[in-house]
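K.L.:
could you look at this predicted model? Sequence included:
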Amino acid sequence: MATKKQRLKQKLSKPLNLRKNINKAPGTVTYMGVREGSLTTVSIINYDEEVIEFIAPNSLEEIKESEKSHLTSWIDVAGISDEAYIDNLGKLLGLNPLVLEDAVNTQQRPKIDEYDAYIFGVFNMLYLNEQHEIVSEHLAMVLTEKSVVVFQELKDDVFNGVRERIKNKSGRIRTRGADYLFFALLDAIVDNYFAILEHINDTIESLEDEVYDNPTPEVAHKIQDLKKEVLKIRRKIAPVKEIVSRLVETQSKLISSDTKLFLRDVQDHCIEINESLQIYREMSMSLMEMYMSNMSNKMNEVMKVLTIMASIFIPLTFIVGVYGMNFDHMPELHWDYGYLGVWGIMIAMFVGLLIYFKSKNWL
Amino acid sequence: MATKKQRLKQKLSKPLNLRKNINKAPGTVTYMGVREGSLTTVSIINYDEEVIEFIAPNSLEEIKESEKSHLTSWIDVAGISDEAYIDNLGKLLGLNPLVLEDAVNTQQRPKIDEYDAYIFGVFNMLYLNEQHEIVSEHLAMVLTEKSVVVFQELKDDVFNGVRERIKNKSGRIRTRGADYLFFALLDAIVDNYFAILEHINDTIESLEDEVYDNPTPEVAHKIQDLKKEVLKIRRKIAPVKEIVSRLVETQSKLISSDTKLFLRDVQDHCIEINESLQIYREMSMSLMEMYMSNMSNKMNEVMKVLTIMASIFIPLTFIVGVYGMNFDHMPELHWDYGYLGVWGIMIAMFVGLLIYFKSKNWL
Amino acid sequence: MATKKQRLKQKLSKPLNLRKNINKAPGTVTYMGVREGSLTTVSIINYDEEVIEFIAPNSLEEIKESEKSHLTSWIDVAGISDEAYIDNLGKLLGLNPLVLEDAVNTQQRPKIDEYDAYIFGVFNMLYLNEQHEIVSEHLAMVLTEKSVVVFQELKDDVFNGVRERIKNKSGRIRTRGADYLFFALLDAIVDNYFAILEHINDTIESLEDEVYDNPTPEVAHKIQDLKKEVLKIRRKIAPVKEIVSRLVETQSKLISSDTKLFLRDVQDHCIEINESLQIYREMSMSLMEMYMSNMSNKMNEVMKVLTIMASIFIPLTFIVGVYGMNFDHMPELHWDYGYLGVWGIMIAMFVGLLIYFKSKNWL
Amino acid sequence: MATKKQRLKQKLSKPLNLRKNINKAPGTVTYMGVREGSLTTVSIINYDEEVIEFIAPNSLEEIKESEKSHLTSWIDVAGISDEAYIDNLGKLLGLNPLVLEDAVNTQQRPKIDEYDAYIFGVFNMLYLNEQHEIVSEHLAMVLTEKSVVVFQELKDDVFNGVRERIKNKSGRIRTRGADYLFFALLDAIVDNYFAILEHINDTIESLEDEVYDNPTPEVAHKIQDLKKEVLKIRRKIAPVKEIVSRLVETQSKLISSDTKLFLRDVQDHCIEINESLQIYREMSMSLMEMYMSNMSNKMNEVMKVLTIMASIFIPLTFIVGVYGMNFDHMPELHWDYGYLGVWGIMIAMFVGLLIYFKSKNWL
Amino acid sequence: MATKKQRLKQKLSKPLNLRKNINKAPGTVTYMGVREGSLTTVSIINYDEEVIEFIAPNSLEEIKESEKSHLTSWIDVAGISDEAYIDNLGKLLGLNPLVLEDAVNTQQRPKIDEYDAYIFGVFNMLYLNEQHEIVSEHLAMVLTEKSVVVFQELKDDVFNGVRERIKNKSGRIRTRGADYLFFALLDAIVDNYFAILEHINDTIESLEDEVYDNPTPEVAHKIQDLKKEVLKIRRKIAPVKEIVSRLVETQSKLISSDTKLFLRDVQDHCIEINESLQIYREMSMSLMEMYMSNMSNKMNEVMKVLTIMASIFIPLTFIVGVYGMNFDHMPELHWDYGYLGVWGIMIAMFVGLLIYFKSKNWL
C-alpha cells in the first residue's frame, strides 16, 4: 500500500505543488525536473521518399550542417537539463526564448502556441514502464516548415513505431512532409494514453473484486489513491483534446488540409479518452460507495451474532440465577422433577428464540 | 450474480479498455472485434417504385455489375473480419482508406463524416438477444447518391422491418431515394434503443422491489452493475443525438430537405433517449441510497432486539444474584414471602420495562 | 404505500418505458395510449366580437361546413383513439401525416413545429383529479390563421376558464384572433402546472413532518417516490419553457407581436416553474439526508439505553456473584454488616455511574 | 425550533406554492399578497439642483397636478392592495395593464421589461426587521423620462438613506436625473442584500459552533432549515444579477451612459452576492456532513463505553460464577487462599484488559 | 484547532460578511479594512534603460514634481487608510472617484476596468507570512501610459523580485515600458498563488496521513476548515483568470502586443491554478469520505471486540449458573468428575467459538 503510494508520488512528480521559478524574469530557460545528470543527446533523421539519413551530431555546428532543404528532418533532443546547451540550440533554430522556457519546464501544462514560422506544442507522454508503473514524461515539439524538433526529458519514448515506419521505404510517412511527421508523433502519444486507460481499467476491476471479496480499510485507501490518480492523469490528458481541435482548425500554412484529416482522427481518440476518464471517475466513486455498503453490511453481521448470542443466553442465565437463590422457602427446589423441568423450560426458550431469529432471516 | 457480471463483460465487449492498433500506420484496415471465422456475405436490394431485385453476389465483379443507375441500392455487407475483401470492396466503391479503417474498427465511437461524394456514419446497434441480454453490434453506413452501403459485424440486425417495407410495393420507402433509406435504417437503430431503455426500466423496477423486500448485499452489487451498464450504454447512444443534429443541418446535397423533416423526428427520439438515460442514472443512485437506508434500518432493528433483551434480563439477573449471596445475615432469605416478593418485584420490573420500550415505539 | 406506488405508475402512464411503434413506417397514425373505447367527440366554438356559435358536428362534413372565414374557430377534438377518423380529419384540415402521428402519440415529448400554414405543438396537461392524484393527459394544438384545433385524450380538460371568458361578450379574448386563443389555452395549461407544484409542495411539507416525528422506513420509500415523481413531472414540464421561448421569438406571421407580449408572461411562468422543480429536487434530497440523520440519531438513542443498562448492572451482577461463591474462607460473609455493606457499595456504584452518564449528557 | 420554522414560513410568504390567479384573464390587476387593510399612500418628492418639494397628494388629481416638467419626480406608492386605485393611477401614468398586474402581484419573480416610454422592474426588498427576521417585500419600479414610480407593499422600506441624500442640497443625486434616482434605489436594495448575507453568515457560524459542541437532532433540523432559507433567498436575489446586466447593456435612451457606469458597480455587487450564496450553500452542506460525522463519532464513544464495561465485567462474572457452583468435589473451594487467589486472578484480568484498551486508544 | 480557526478568520478578514458602506453615496472614498494607524507611504521608482531614480516624496507636490515624461514610473502607495490623502492623490493623478473608492475598498472583488486614459485593476495578494499563515492583502493597480500606480494595504508585498530586476541594469524590464511593469507585477502576484497552492497541498498531505493514522474528530474539523479555506481562496483567485484573459484581448493602446505575449503566459498559470483549486476541492471531499470510512471501520472493530467477549463468556456464565442452582436433585453435582467435566465442556465451547470467529476473520 505504502509503496504504491510512494511510487505514485514519485512517478507523477508532484504535479500539484510546483513552485514556479518565482522572482526569475520571464523567458529565463530553467529546467524544472529532477536533474538526471545525463547529457543532452541529439539525434536527427532526415528523409524523403527516396533517401533516409541517421545523424548523431556531436556539436551545434553539426546540427546546423545536417539541415538539407529538400529533406524532412526529425531532430530529437533527449535530456533537457543542460540549460545553456538548449539555449544555444534554440538560438540556432530561431526559437523565441519564451518557447524555450516552456520546452524545458517539465511542469508546463499541455498547450499549443502558433507563431508565424513554427507551431510549438507541449505534451505529457504517459507510458507504463517495466514495473507497470505510470511514467509521465514532459515533451515539447516544434513544427517548422521542413522539420519537427522534439524536446524530451529522457531517452525513453513512445516513438519506436514511428521510427520503424520511417525506415520502411514504402510507408506513407515517407511520402509526406513535416506536418505528417508531427501528426504521427502526436498520434503515437495519444495512442499510448489508451494503454494508460487500460491500466486504470485493470486497477478498477481488481479493486472491484477486492471490494466484493474482502473490503479491508486498505481497499478504501487504494480506491482513494485511484481517484487521485485519475484526477492527476485527467489533468495531463484533458488539455490535449482542445489542442488537437485547435490544430484541426488552424489557419497556419504549416499544416496541410490532408494532414488535418488525420488529425481529426486523433481528435476522435481524445474525445474518447476524456469520456473514458469521466467514466472511470464515476466508477471509482461507485467503488467507494460499494465499499461503504459492504462495510455496513459486515457491521450488520457482527451485530447479529452479538444479538443472537446475548438474546439467547442472557434470559437463560437469569433462570438459572433464580434457582441459585438461597431463600428458605423455594418449593420448586424440592420437587422431584424441578431440575429437569427447568432444563425443559430453558430448552424450550432456546428453541423458541432460534425459531424467532430464523423467521427474521438472521440465521 | 456472477454470471450476470460475466455476461455483461462479454456482451458489451470491454468498451472501456480498447487498446488501439498501436504502432500501425493510420488508415490501415484492421478488424478490432473477436474474429468470428465467418465469411463476409454481401446482399444487395435494388429497387424503385416499380422494380425490386434481390441479389446475392458471389464476387466483387458481381457487385460491380449489379449497379444500375436508375435504382436505389442497399448493399449490406455482413461480417467484416475479412480485411482484404473489405479493402478491395472499399476500392471498388471509391471509399477513403480512413473510412474503411473506421468501418471495420468495432471499437470506433459513433460519428459522422461528410465527404464530397458520400456521407459516412458509425453507430452501435443495441438489441436484446433471445436470452434477454443486451448485444452491442458495430455498424457503419455509407450514403452515396444512389445507394446505402451497410457494414455490420454479424448477420443479425434490426432492419427486418425496413426490408418488409421495401418489399411492400405501395410503401412510401419505394417512392423515395437513398437518403430516405439511410433515414429508415437510422430510425430502425434508434427505435431499438427504446427496447434497451425498457429493459433497463424493468431491471430498475425489479431491483426496486428487491431493495424494498430483501436488501441483501447482492442487491447492492446488482445496483452497481446497473449503474455501470447505464454508463456504458450512454456512451454508445449519447453521440447519436449530435450526429443526427448534424445530419439535419447538413449542407450536403445527398440529403433532401424532405428527408430532413423525417430526421427531425429521429432527433426528437434521441433527445428523449438521452433524457431517459439521465433519469435512469438518477434512479439508480436513488436505489443505492434506498439500499443504504434499508440497511441502516435493519441494523436499527437488530440493535433494538439486543437492547430490549439485555435491558430486561440483565437487571433481573442482578436481583436473583443478590439472593444467591451467602451472607450469614440476610433477613429477606428467611421471610415467609421473600421468594414470592422477589418474583413480584421482578415481574413489576419486567412489565415496567416493556411499557417503557412500548412508549419509545421499540416494540 | 403500495397503493400510492400503484397509483403513480398508472397515472403517469409509464413515461419512461414507451416502446415506440417499431417497424411501422414513419407517419403512420397510431394511437399510443390505453384504448378508452370512447368515441371521438368534436365540438366547435366560432366567435368574434359580436357573434358566438356552439357547434357539435356529427360528421366531417359538418365540420367542413362550420368553417366561416370571418370567425375565429376553436375546434376541440376529444378522444383520439379512433385513428381512421383522425386521419380523415387531418386530411380535411390539410395537416401533414407526421403532425397527425404526433397528435395521437400519447408518448410524444412536448414540442413545437412550425409549418408555413400552421404551428403545431404537443403538451402535457397535468391536473389533479378528485382523488387528488396527478393526471397527465396528452394534448396537441394546431394554430392556423383563423382557428385552433385541439386534440385531447379525454373530455376532461383545464380549459373551462377559457370557455367562460369566451362566453363573456365583453372579454378581451373576443376582440382578438386565433393566436390569442392559442395563448389563452397555453396559459391555462401552464397555470395548472402551479396547482401541481402546490401539490408537490404539500407532499414535501407533510413528509418533512413525518421525517421529524416518525422516520419509519415507509417515509424513506415515500421520499424516494417523491423524487421519482418530481423527475417525471420535470420531464413533462421542462420542455415547455423552450417551446414558449421559441414562440416568443418566432418569425411566423401566425402570431402577432401583441400576442407575443402575453406569451412573454407565460415564459416568465415557465422559468418560475422550472426553478421551483429544481428547488423541490434539492428539498427532496435534503429530506432523505434528514431521514438518514434521524435514523442514525435513533440508533444512537437505542445504543445509549443499552449501554447505560449494561454498564450499570453488569458490574453489580459481578459483585453479587462474588458473594455467591462457596469458598470456605470468605470472612466478609460472616461480618455483621457484610450484607448491608455490599448494598452500600452497590448503591454507591449505581449513583456514581448515573452521575457519569449524566455528565456525558446521555440521560 | 418550531417557532423559527413557523416564522420562516410566514416571513418568506410561501414563495414556492403560489397558486396563480387561475381562470382570470391576463392583464387583470389582482393583488396577490395578504390584504393589509391599509390604504394606499402616495408621497412625491420633486427636486432638481435648486428646488425640493415634498407632496402628499390626497387624490389622483393632485398627483397629476404635482407633475412639473423641469423637476425629477419620485412617486412612492406604498400599499398596493387597493386594486381599483392602482388601476386608475396606472391609467393616469399611462402604464400598460400587464405592467400593473405585475406591479401588484407580490408573487412576481424579479424581472425587467423595457417599453418605449418607460422601463419597468420588479424586485424583492429583503431586510431584517426588529426581531432580526428576514422580511421579503415585493417592490416594483417604473422609470420614465422625468420620474421614478415605486410601488411597494408596506410603508417600511430601505430607502431612507436615499431620502437623506436627496434632502442634502450638495449631494450628487440632486444634480442628476431620474435614471440616477433609479440607480440609487436599486443600489439601496442590493446593499441591503449584504445585510441578509451577513445574517446568514452569522447563522452558519453559530450552527458551526453548535455542531462542534452539541450536535443534537435540533441542530440537524436547523441546518436543513438554513439550506432551505438559502435556496429561497437565492431564488429572490439571483435574477437581479441578470436584470442589472441588461440595464448596463440596454439601448434605451432612458438610462444615460454615465449612470451605466454606476450600474456596473451594482453589477459587481450582484456577482459577489451570488458567489456568496453559492458558498453558503456549500457551507451548509459541509455543516450537515460535519453533523453526521460528529453523530457517528458520538456513537463510537457510546459503543466504546459499552464494550469496555462489558468486556471487563462479563469474564469476571463468569469466574465468580464458577465458584458459585455446588459440586461436591471442588478442591479450590477448600484451599486456604482460594478466595484471595480468585481475587488475584480477577484483578490481574481487570488490569490486563485496561492495558489492552489503553493500547487501542479506547480510554 | 481553535487557534487555527481563529487565525483563519482574522487573516482572510471575513470575506463573506462584508457589510458595504450602506447609505453612503456611491463614489465616496471609504477605507473598508481594519485601520492600521500607519500613515500612507509613497515611494517612486523612475527608470529607463539608462537611468534609475528612487524617490520618497513627502508631499503631493513632490509626487507631482517627480513625474518625468521620458521615464517609466512605478508609484507605490502603501497604506490606504488615510482617505483624504488618497482622495487628493487621486485628483492629482486624474483618477475617477469610483476608481478611488474601489482602490481603498479592501472588500472589493478582483476586477479590471478599462478607461480611456488608464486601466484599473483590483487584485488580492496572497502570501504566507513568517508563521506560515495565509495573508490576504488588497491591492489596486492603475496602468497609465508612462506609469503604474500601486495601492496596497501594507508595506509588505510580493514585489521584491521585481524591484531587484529593475535595479539590474541589464534586465529586460529596463528596456520596456509601463505595460511590461504592469505585467511583471501581475506575474509576481500570480506566482505567489503557487506558494499558496503548495501550502494547501502540504495541508492536504498531512491531513491525509492523520486520516490514515488517527482519525479523531479534530481531523474532521480540520478537513472542514480546509474545505472552507479552499472555497475562500478560490473566491479570491478565480476572477483573476478572466481578468487576464480580458487584458490579453484588450483593444486598449496601453498594452502592447509584445506584452500580451507575456500576459498569455500569466493566463496559462491562472488556468493551472484554477484547475489545481478544483482538484484540491475534490481531494478534500475525498478526505472527508476517507475519514467517514475509517470511522465506521473503527466502529466495526469496537463492535467485534464486544461481540467476541460477550459471545464467549455469556454462554459460559450460563453454564456455571446451572450448577449454582440449589435443586435437591441435581445428580451431576455429586458425580466424581462433574466439576472437571464442566470445565471440559466450557473449554471446548471456548475453543469452538474462537475457531468460529477466526473463520469469520474477526480475530
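P.N.:
Cool, the structure landed. Numbering: from 1, shown residues only, chains lettered A, B, ... in the order given.

K.L.:
three-state assignment of A:Lys253?
P.N.:
Under DSSP: H, G, I helix; E, B strand; the rest coil, A:Lys253 falls in the coil class.

K.L.:
let's see the pLDDT reported for it.
P.N.:
Per-residue pLDDT puts A:Lys253 at 90.

K.L.:
give the contact list for it.
P.N.:
By Cβ atoms under 8 Å, 6 or more residues apart in numbering or on different chains, A:Lys253 lies in contact with nothing. Every C-beta, even on glycine, is put in place using the N, C-alpha and C of the backbone.

K.L.:
can you rerun that using 10 Å?
P.N.:
The neighbours of A:Lys253, taking Cβ atoms under 10 Å, 6 or more residues apart in numbering or on different chains as the test, are A:Asp116, A:Glu145, A:Asp179.

K.L.:
cool, and A:Lys241?
P.N.:
Counting by Cβ under 10 Å, 6+ apart, A:Lys241 has contacts A:Pro110, A:Val190, A:Val266, A:Gln267, A:His269, A:Cys270, A:Ile271, A:Glu272, A:Ile273, A:Asn274.

K.L.:
distance from the chain centre to the helix or strand hosting it, please.
P.N.:
According to DSSP states H and E, A:Lys241 maps onto helix A:217-248. In terms of Cα atoms, centre = their mean, to the nearest Å, the centre of helix A:217-248 is found 6 Å from the chain centre.

K.L.:
equivalent analysis for stretch A:87-103, please.
P.N.:
30 Å.

K.L.:
send me it as PDB with only the CA atoms.
P.N.:
Provided in PDB are the C-alpha atoms of stretch A:87-103 (Å, rounded to 0.1, in the frame of the first residue of the first chain):
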ATOM      1  CA  ASP A  87      19.600  28.000 -25.000                       C
ATOM      2  CA  ASN A  88      22.100  27.800 -27.800                       C
ATOM      3  CA  LEU A  89      20.200  25.200 -29.700                       C
ATOM      4  CA  GLY A  90      17.100  27.400 -29.500                       C
ATOM      5  CA  LYS A  91      19.000  30.400 -31.000                       C
ATOM      6  CA  LEU A  92      20.400  28.100 -33.800                       C
ATOM      7  CA  LEU A  93      16.800  27.100 -34.600                       C
ATOM      8  CA  GLY A  94      15.500  30.600 -34.300                       C
ATOM      9  CA  LEU A  95      13.100  30.000 -31.400                       C
ATOM     10  CA  ASN A  96      11.600  32.600 -29.100                       C
ATOM     11  CA  PRO A  97      13.000  32.500 -25.500                       C
ATOM     12  CA  LEU A  98       9.500  32.000 -24.100                       C
ATOM     13  CA  VAL A  99       9.200  28.900 -26.200                       C
ATOM     14  CA  LEU A 100      12.500  27.500 -24.900                       C
ATOM     15  CA  GLU A 101      11.400  28.300 -21.300                       C
ATOM     16  CA  ASP A 102       8.300  26.200 -21.800                       C
ATOM     17  CA  ALA A 103      10.200  23.500 -23.700                       C
END
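
K.L.:
buried stuff in it?
P.N.:
For stretch A:87-103, a neighbour-count test (16 or more other Cβ atoms under 10 Å in any protein chain shown) marks A:87, A:89-90, A:93, A:95-103 as buried.

K.L.:
related to what we said a few turns ago, buried subset of the contacts of A:Lys253?
P.N.:
A:Asp179.

K.L.:
from the contacts of A:Lys253, list the ones also adjacent to chain C.
P.N.:
By Cβ under 10 Å from any Cβ of the partner chain, no member of the contacts of A:Lys253 lies near chain C.

K.L.:
using PDB, list the CA coordinates for stretch A:230-242.
P.N.:
Extracted as PDB, the C-alpha positions of stretch A:230-242 are listed here (Å, rounded to 0.1, in the frame of the first residue of the first chain):
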ATOM      1  CA  VAL A 230      -7.400   9.500 -12.300                       C
ATOM      2  CA  LEU A 231      -7.600  13.200 -11.300                       C
ATOM      3  CA  LYS A 232      -4.000  13.700 -12.000                       C
ATOM      4  CA  ILE A 233      -4.000  11.800 -15.300                       C
ATOM      5  CA  ARG A 234      -7.000  13.700 -16.400                       C
ATOM      6  CA  ARG A 235      -5.200  16.900 -15.700                       C
ATOM      7  CA  LYS A 236      -2.300  15.800 -18.000                       C
ATOM      8  CA  ILE A 237      -4.500  14.400 -20.800                       C
ATOM      9  CA  ALA A 238      -7.600  16.600 -20.900                       C
ATOM     10  CA  PRO A 239      -6.000  19.700 -22.400                       C
ATOM     11  CA  VAL A 240      -4.800  17.600 -25.400                       C
ATOM     12  CA  LYS A 241      -8.300  17.400 -26.800                       C
ATOM     13  CA  GLU A 242      -8.500  21.200 -27.100                       C
END
